[in-house]
Each structure stands twice: as structure tokens, then as C-alpha cells.
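Asks: Here's my sequence, what's the structure:
(one chain, ligands or ions: 1)
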Amino acid sequence: MNDCKNVWIFAEAQRGKLSPTALELLTAGRQLADDLGEKLCAVLLGYEVEKFAQDLFEHGADVVYVCDDKALENYLDDVYAKVLADMVQKYQPNKFLLPATNLGRSLSAKTAIFVGTGLTADATEVVINKADGQLYATRPTFGGNLMATITCTHTRPEMCSLRPMSYEKAPRQAGRTGEIVRFAFDPKKHTTLAKFVEFIKSQGDGMDLSEAEIIVAGGRGVGKAEGFELLHKLADRLGGAVAASRAPVDSGWIDYRYQVGLTGRTVKPKVYIACGISGQIQHMAGMSGSDVIVAINKDPEAPIMKVANYAVQGDLYDVVPAMLEALK
Ligand SMILES: Cc1cc2nc3c(=O)[nH]c(=O)nc-3n(C[C@H](O)[C@H](O)[C@H](O)COP(=O)(O)OP(=O)(O)OC[C@H]3O[C@@H](n4cnc5c(N)ncnc54)[C@H](O)[C@@H]3O)c2cc1C
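Replies: Presented below is the predicted three-dimensional model:
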């Protein structure tokens, strides 16, 4: 266990794109690595992914481990987890952060099992306990009413999946370089019974929530599925995206992928406009990092009206059309 060194982050790269979560994990990982006096390393798995190594160096990675093979072109749990587990066993990292994306949640769990170590899933903060160098990973629990800090005392690496948007992206340091370590894919060992058939992109009708600088979110106060058309109009006018609280998702007015909160997405836009949302703690868990919160609510006592930078008391069906008119 004492031989385990360095902080690893998994740099998710699929379909020719490096996920922004890689740069967020580099921010979290850099702090851990500096506190431990160890190196910050990124891991790239996939096909034609080595080209992202320079980007990772420029955002803080000291070493990039790459397994680049045609067999890794399409994500398959078993194959990726077996490769990653072999890399972990060969290079023995001390801490290992992965993104709590769909891919990362699945991959981190399988890899932890193959390696035989512990995983804290879906954390929002990681720190090094200076007394013993252990990773303390904190995550909401009991419906967001408590924050649990979880440690993994007996095995290494200490693994953790971190929620997207929990950390800012690491700043670019142009021209910064590092070391590339290549790891060979082994077709005899890195096998699976699963077969990749087809990739079907989800039919999003708008901008990716994680990239939106302005979000117009609707809650139970929207009252009906058609009400979201009005919010889409405002979002389009502002160049933003639409989101929702859980209530309209549960009512079937809007798809789950729009849900913000504890059991939905975490977002950090410049402006978050909450229409007919009361601001329960589970919703706030996903959007309280927004730069500016605008609340439109009939009830001046609604919790969100207390935390909003701009609280507009009124019926959203009066206020939103007035905003659209003003933005013409
Ligand atoms: C384990 C767990 C996980 C959860 N995860 C999530 C999560 O990820 N995301 C999430 O959002 N919730 C989550 N919830 C649910 C959460 O507790 C709340 O129930 C939910 O956020 C309430 O949604 P809401 O604010 O839209 O509805 P309500 O609380 O019913 O609020 C509706 C608001 O709309 C206002 N309003 C009504 N009509 C109008 C109008 N015409 N114009 C203006 N204002 C109007 C009302 O005054 C009220 O403030 C979770 C709960 C649990 C227990």
C-alpha cells in the first residue's frame, strides 16, 4: 500500500471529443497531488485519443497514460475496466478520480471491483487529510439532508467518482508539457461477452445543460407540459437552455435528462432563471453554484426567493411573456 504513488484522473474521451470533466478533475487532482507532493497523472483510453495528451499537459497533468487501440473505439464496460484495472495494478496510483458521468459511474464501479479497492461514488468534494494522507471524499446523502465524508482505509488506490461541475476547469498553461506513457491493449486478456452494435445519440432538442451559460428552469408552477414551450421561447431568445425541477419530470411534462438537483444534473450557468420552483434543498443541490439566480414565483416566502439575487414576485405566465416582449 505504501508503494502506491501519484494522483490519477480519468480523462473521458469519446467520439473524437475530450469531455470537459477531464479538466475539472485536473483541478481537483492538482490540489490533491500538491498536498501529497506527488505527480498528477491523466489516463486516456480509446481510439485516436493520444492527440488529447497535450491538452491535458497544458491543464496540469504531469504524466499521461494512454491506451490507444481500435478495439477501444466504442465504450464497453468490461473491456475498459479490464484495461484500467491492469494499468492500476502495473503503475500503482495512490488516488484515482473518475467523472460521475454515465460512463464514469459504470467504469469506476467495475474497475474498483477488478482492482479490489474502495470507491466513493458521486462525490462533490475531495481533500487530503493532512494527518495521514488519506482521501476524504464528501457526498450528499439521506436525500441531501446530510453530507457524508467517506474514506477508504485499507486498500489503494482510493477511488472516487466526482460529479461533473463540482470543480472549475483547470486553467490552460500554454506550452506546458509532460511525459506520455503508452500501455498496450491485449486482445487475449481485455475481452468481453458484450458486443457493440450501434451508437444512437439521444435526441436532445436543445443545448447541452452543462455548457449553457443561461438556463431557464421550470418547476411544478409551470402547471402543464405545454407550459415548457414558453420557457423554451425565453431560453431561445437568451441563447440558453431549458431545465426543470423534479416535480415536472415526475409529472411527465418533461424528460428526466432536464432535471437539475440531487438526483439530476449539477449546473453552474452564469444566469439561472427559476420559474415556478420553490427551491427545496434537493433542487438547490444542483444549481446553487450558479453565478446569478433569478426566481419568478407567486409566493414571496418560497425558499428560492430568499437565495435569489433577483426575486420577482408574480405569475410566471405574466412575467415570462413580459420578458419576451422586453427582449424583442
Ligand atoms: C431523495 C430525493 C431526491 C430529490 N432529487 C431532486 C432533484 O434532483 N431535483 C429536484 O428538483 N427535486 C428533487 N427532489 C424533490 C424536491 O424535494 C422537491 O419536491 C422538488 O424540487 C419540488 O419541485 P418544485 O419546486 O418544482 O415544486 P414545488 O415545491 O411544488 O414548488 C412549486 C412552486 O411554484 C410556485 N408557483 C406555482 N404556480 C406558479 C405560477 N403560475 N407562477 C409562479 N410561481 C408559481 C409555487 O409558489 C411554488 O413555490 C428530491 C427529493 C428527494 C426526497
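Asks: how close does Arg257 get to the ligand?
Replies: 12 Å (CB to the nearest ligand atom, to the nearest Å). All C-beta spots, glycine's among them, are computed from the backbone N, C-alpha and C.
Asks: so what pLDDT did the closest residue to that residue other than its chain neighbours get?
Replies: Nearest residue to Arg257, sequence neighbours excluded (CB to CB, 6 or more residues apart in numbering): Ser202, at 7.0 Å. On pLDDT, Ser202 comes in at 70.
Asks: Next, count neighbours for Glu168.
Replies: 12 (other CB atoms under 10 Å).
Asks: Actually, Met159.
Replies: Using other CB under 10 Å, Met159 has 27 neighbouring residues.
Asks: next one: the longest helix seen in the chain to chain centre, how far?
Replies: Longest helix in the chain by number of residues (criterion: DSSP state H): helix 20-36. Centre-to-centre, helix 20-36 and its host chain are 14 Å apart (CA atoms, centre = their mean, to the nearest Å).
Asks: need the next SSE after it, C-terminal direction.
Replies: Next in sequence after helix 20-36, counting helices and strands by DSSP states H and E, comes strand 40-46.
Asks: any idea how far the next helix or strand after that next one is from the chain center?
Replies: Remark: after strand 40-46, the chain's next helix or strand is helix 53-58, criterion DSSP H and E. Counting by CA atoms, centre = their mean, helix 53-58 is centred 20 Å from the centre of its parent chain.
Asks: Pull out the buried residues from the longest helix of the chain.
Replies: 20-30, 32-33, 36 (16 or more other CB atoms under 10 Å).
Asks: Domain-wise, how is this structure divided?
Replies: 7-182, 209-326 (automatic domain parsing).
Asks: Out of those domains, the one nearest Lys188 is which?
Replies: domain 7-182 (11.0 Å; CB to CB).
Asks: Contact residues of the chain facing the ligand?
Replies: 143, 219-221, 245-247, 259, 261-264, 276-278, 280, 282-283, 286, 296-299, 302, 315-317 (CB under 6 Å from any ligand atom).
Asks: Going along the chain, name the strands of the stretch 1-150 of the chain.
Replies: Secondary structure of the stretch 1-150 of the chain (DSSP state E, counting those that start in this stretch): strands at 7-10, 13-14, 17-18, 40-46, 63-68, 95-99, 119-123, 125-129, 134-141, 146-150.
Asks: so can I have JSON lines of those showing mean pLDDT and mean neighbour count?
Replies: Shown next, in JSON lines, are the strands of the stretch 1-150 of the chain (pLDDT from 0 to 100; neighbours: other CB atoms under 10 Å):
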{"stretch": "strand 7-10", "mean pLDDT": "98", "mean neighbour count": "30"}
{"stretch": "strand 13-14", "mean pLDDT": "96", "mean neighbour count": "20"}
{"stretch": "strand 17-18", "mean pLDDT": "96", "mean neighbour count": "14"}
{"stretch": "strand 40-46", "mean pLDDT": "98", "mean neighbour count": "26"}
{"stretch": "strand 63-68", "mean pLDDT": "98", "mean neighbour count": "22"}
{"stretch": "strand 95-99", "mean pLDDT": "98", "mean neighbour count": "29"}
{"stretch": "strand 119-123", "mean pLDDT": "95", "mean neighbour count": "22"}
{"stretch": "strand 125-129", "mean pLDDT": "97", "mean neighbour count": "18"}
{"stretch": "strand 134-141", "mean pLDDT": "93", "mean neighbour count": "20"}
{"stretch": "strand 146-150", "mean pLDDT": "92", "mean neighbour count": "13"}
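Asks: got a markdown table for those, with distance to Ala326 too?
Replies: A markdown table is the format used below for those (distance: least, CB to CB, whole Å):
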| stretch | distance to Ala326 |
| --- | --- |
| strand 7-10 | 44 |
| strand 13-14 | 41 |
| strand 17-18 | 37 |
| strand 40-46 | 46 |
| strand 63-68 | 49 |
| strand 95-99 | 39 |
| strand 119-123 | 40 |
| strand 125-129 | 39 |
| strand 134-141 | 37 |
| strand 146-150 | 40 |
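Asks: of all those, which lies closest to Gln173?
Replies: Proximity to Gln173 (CB to CB) singles out strand 40-46 among the strands of the stretch 1-150 of the chain, at 12.6 Å.
Asks: Other residues contacting the closest one?
Replies: With contacts defined as CB atoms under 8 Å, 6 or more residues apart in numbering, strand 40-46 is touched by 6-11, 13-14, 22, 26, 29-30, 32-33, 50, 52-53, 56, 60-68, 72-73, 80, 83-84, 87, 93.
Asks: at 6 Å what do you get?
Replies: 6-11, 13, 29-30, 33, 52, 56, 60-67, 72, 80, 83 (CB atoms under 6 Å, 6 or more residues apart in numbering).
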